[in-house]
Each structure stands twice: as C-alpha cells, then as structure tokens.
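Q: Return atomic coordinates for the entry below.
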Amino acid sequence: TRSNFEEMRSLKEPITLAILPGLEHSSEAAVFARDNGMGIVLHLPMEPEAKTWAREKNTLMAGMGEDDADFILAVALKTVPYARGVSNHMGSRATGDRTASAALMKALKKRGLFFLDSLTTAGSVCREESSLKGVKYYRRDIFLDNQSEIPYIVSKINEAADIAIKKGKAVAIGHDRKNTIAALKAALPGLKSRGVKITAIDGL
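A: Numbers count the residues shown, from 1 in each chain. Below is the predicted model of the structure:
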C-alpha cells in the first residue's frame, strides 16, 4: 500500500524497500524509493514449507528449473523497476531446494542482480548456489519486528548495531509498519553516536 510512504520519506535515510511484484502500488513504490535515494529490491514470492499458504501469482516453487525461474523473474521485474537485487518472500522450501535456487541464481546472474537471503530456513542453499553462479550474496543478520512494540524494535535495532560494530556491517529486516518506522527514528541518534550509519543494501 501507499499508507506509510511519507513516514518512510521522513526518515531521510537510504533504507532499502523490498517490494512485492504485481500489486497495485508495486511500480509506484519502486519509483518512490528511487526518487528518495532508497535501495530497491524485488521481494520475490518463493514456496514456503507451510502446507497451507496464500500463494502469490508467479511464485518460484521447489523443483522449478531454469526456464520457469527466468520467466517468473522477468514478469516480476516488469512491475518493480530499478530493482538492483532480489530477496525471498517466504521461501523456506524453495531456498532449501537445490534445483530452484540454482535456477534463480542463473537468472539473477544474467541480469546482474544480487540476492538477499532472508534466511527463513536454516537449510537455505542460496549462499552456495550464488557463489557457484557468481552472484553477489547478502544474508539477514536480524529481524527487527517479530513483535510490534516500539521498545522491542529499538532493542533489535541496537542488536543490529552491535553486530555491525563487531563485523563491520549488519543486515536488518523489518516491515513498513508505523511502529517500525517510529522505532528507527527513535534509535537514529544513538546509532549515529556509536558511529553506525544506515545504508542501502547494495552499499554494504
């Protein structure tokens, strides 16, 4: 939706928007991100382990080969212009599947796109497959908003800062919820005082 565009703009930080394809405001969100100096990632629907789930149109399923992966990616990218990379929406089964992951990485390599692994499963094979295909790979260090309370989210942001100070960088994933944005605003002065800055994912 467009509901939190202005709140995200008010952060005045180069956050990255992971945008689901094929929705009413997908392309608009990508243009918004570009115009406001934000990163843009295609949030590609991928098959989860759950037996019952709301399947998005053009979902990458376990066992799919190169032709299917290439087609699904091409269709999705038409609605998320300016994307520099792809992240997995759900995908606990597909990212653990060697065939589908290898096929996706080949499609990404052809287009010069990176992959951001949300690590929805510890069994993800995407790091290995991205290395084999020569695709730039990022992985999630921390989820910010598994709970919706602002103090909790601030504490997770500070955990991400701890990781960044220790490792040099950290990838934190959250949602475009009002409380998540409010928590980021609240945490920013503390981050800056610790020498931690926010950057788009492909700036890491």
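
Q: What's the local residue count around Ser131?
A: Neighbourhood size, Ser131 [other C-beta atoms under 10 Å]: 12. To be clear about C-beta, it is placed using only N, CA and C from the backbone, and glycine gets the same treatment.

Q: Please give the element, helix or strand, for it.
A: Assigned by DSSP states H and E, Ser131 belongs to helix 126-133.

Q: For the helix or strand just after that helix, what is the distance to the chain centroid?
A: Following helix 126-133 in sequence order, the next helix or strand is strand 137-139 (DSSP H and E). Centre-to-centre, strand 137-139 and its host chain are 10 Å apart (C-alpha atoms, centre = their mean, to the nearest Å).

Q: Sheet partners, orientation included, of strand 137-139?
A: Here strand 137-139 has these sheet partners by DSSP bridges: strand 114-117 (parallel).

Q: Please spell out which residues along the partner strand are buried.
A: When neighbours are counted by 16 or more other C-beta atoms under 10 Å, the buried residues of strand 114-117 are found to be Phe114, Phe115, Leu116, Asp117.

Q: next one: stretch 81-89
A: If you call a residue buried by 16+ other C-beta under 10 Å, then stretch 81-89 has these buried ones: Tyr82, Ala83, Arg84, Gly85, Val86, Ser87, Asn88, His89.

Q: For that stretch, give me every contacting residue.
A: Contact with stretch 81-89 is made by 18-20, 27, 30-31, 33-34, 39-46, 56, 73, 77, 94-95, 104, 108, 113-118, 120, 126, 136, 138, 201-202, as judged by C-beta atoms under 8 Å, 6 or more residues apart in numbering.

Q: Go again with 7 Å.
A: 18, 20, 27, 30, 34, 39-46, 77, 95, 108, 113-118, 120, 201-202 (C-beta atoms under 7 Å, 6 or more residues apart in numbering).

Q: Can you give me the end-to-end span of that stretch?
A: Terminal residues of stretch 81-89 are spaced 18 Å apart (C-alpha to C-alpha, to the nearest Å).

Q: Distance from the chain centre to it, please.
A: The chain centre lies 7 Å from the centre of stretch 81-89; the measure is C-alpha atoms, centre = their mean.

Q: Who are the packing partners of the top helix by length along the chain?
A: Criterion DSSP state H: the longest helix present in the chain is helix 150-167. Helix 150-167 sits against strand 142-143, helix 178-193, with contacts defined as 3 or more C-beta pairs under 7 Å, 6 or more residues apart in numbering; DSSP states H and E.

Q: State the mean pLDDT of the following helix or strand past it.
A: Using DSSP H and E, the next helix or strand after helix 150-167 towards the C-terminus is strand 172-173. Mean per-residue pLDDT for strand 172-173: 98.

Q: Show residues contacting strand 172-173.
A: Applying C-beta under 7 Å, 6+ apart, the contact partners of strand 172-173 are Ser118, Arg140, Asp141, Ile142, Phe143, Leu144, Ile157, Ala160.

Q: where does the protein dip in pLDDT?
A: Along the chain, no part satisfies pLDDT under 70.
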